[in-house]
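Undergrad: Any chance you could fold what I've pasted below:
(one chain, ligands or ions: 1)
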Amino acid sequence: MASLKGPGEAQKHDGSGLRIAIVHARWNTTIIEPLLAGAKAKLLASGVKESNIVVQSVPGSWELPIACAKLYSASQIQSTTSSSLGAGDLLSGSTPDLTASQSAPSSGPFDAIIAIGVLIKGETMHFEYIAESVSHGLMRIQLDTGVPLIFGLLTVLNEEQAKARAGITGGSHNHGEDWGLAAVELGVKRKEWA
Ligand code: DLZ
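TA: Alright, predicted model coming up:
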């Protein structure tokens, strides 16, 4: 029986002509890692070249909107100047910051950006403020730039819920995979809509 939840029947899209950025927070790393891996695996499985996947990290989810906005602008600058700098260089200043989770970036505009963060509710209102602001910020960037920005922000009440959405708990589904597929679908469709 078809599931009520999820994006429905899987669509197959050719990602071989796409350039995709993933920006992830480092808070709740043990949940972030499988989500990031799931998203990347589906990009690669859809034909996106490894060299066309740019991965950047920020401390927490609060920083996701500014990073996505800057990464987008940097890629636009490069596509008009043919600079040899990678998008990551422009995001982090003049010195390339290639940590373990960051691949050497290619250059050119992005067809889609995936923002990944995990917000776990605590005892204060912190969660509500960050969740709402970041959601609005990411939507604004998406509509202002016209570049699909995939919403990979988990807003959960506890660690168990987070694990169940990252494929960590037995039999659970990794939502990162959905985000990777959504990025390819939207990247392809954006070109068709242009
Ligand atoms: C401070 C904070 C807290 C309490 N919780 C989370 C969280 O669950 N998930 C997350 O991604 N980030 C959290 N942060 C960090 C903020 O997002 C941000 O990085 C800091 O407030 C610095 O601006």
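Undergrad: Tell me the confidence at the closest residue to the ligand within the chain?
TA: Residue nearest to the ligand within the chain (CB to the nearest ligand atom): residue 60, separated by 2.2 Å. (Each C-beta comes from the backbone N, C-alpha and C, glycine too.) Note on residue 60: pLDDT of 97.
Undergrad: my guess is it contacts residue 23, does it?
TA: No: with contact defined as CB atoms under 8 Å, residue 60 does not count as touching residue 23 (11.8 Å).
Undergrad: which of those two has more neighbours?
TA: residue 23 (26 against 15; other CB atoms under 10 Å).
Undergrad: Isn't the more buried one up against residue 57?
TA: Yes: using CB under 8 Å, residue 23 is in contact with residue 57, at 7.4 Å.
Undergrad: which residue sits closest to the residue of the chain closest to the ligand in space, ignoring its chain neighbours?
TA: Distances taken as CB to CB, 6 or more residues apart in numbering place residue 27 nearest to residue 60, at 4.4 Å, with adjacent residues excluded.
Undergrad: same question, residue 72
TA: residue 145 (5.2 Å).
Undergrad: Then residue 114 would be within a strand, right?
TA: Yes: when classified by DSSP: H, G, I helix; E, B strand; the rest coil, residue 114 is found to be part of a strand.
Undergrad: ok now do it, which residues does it touch?
TA: Counting by CB atoms under 8 Å, 6 or more residues apart in numbering, residue 114 makes contact with 20-23, 39, 149-150, 152, 179-180, 183.
Undergrad: do that again at 10 Å, thanks
TA: With contact set as CB atoms under 10 Å, 6 or more residues apart in numbering, residue 114 has these partners: 20-24, 35-36, 39-40, 43, 53, 55, 68, 148-152, 176, 179-180, 182-183.
Undergrad: returning to that earlier point: how far away is the residue nearest to residue 72 from residue 112?
TA: 11 Å (CB to CB, to the nearest Å).
Undergrad: of those two, who's got more company?
TA: Taking neighbours as other CB under 10 Å, residue 145 and residue 112 compare with residue 112 leading, 28 against 17.
Undergrad: Show the model's pLDDT score for the more buried one.
TA: Predicted confidence (pLDDT) for residue 112: 98.
Undergrad: That one against residue 152, yeah?
TA: No: using CB atoms under 10 Å, residue 112 makes no contact with residue 152, being 11.4 Å away.
Undergrad: Find the residues that touch each one of those two.
TA: Common neighbours of residue 112 and residue 152 (CB under 10 Å, 6+ apart) are 22, 179-180, 182-183.
Undergrad: so of those residues, which ones are in strands?
TA: Of the shared contacts of residue 112 and residue 152, the ones assigned to strands by DSSP state E are residue 22.
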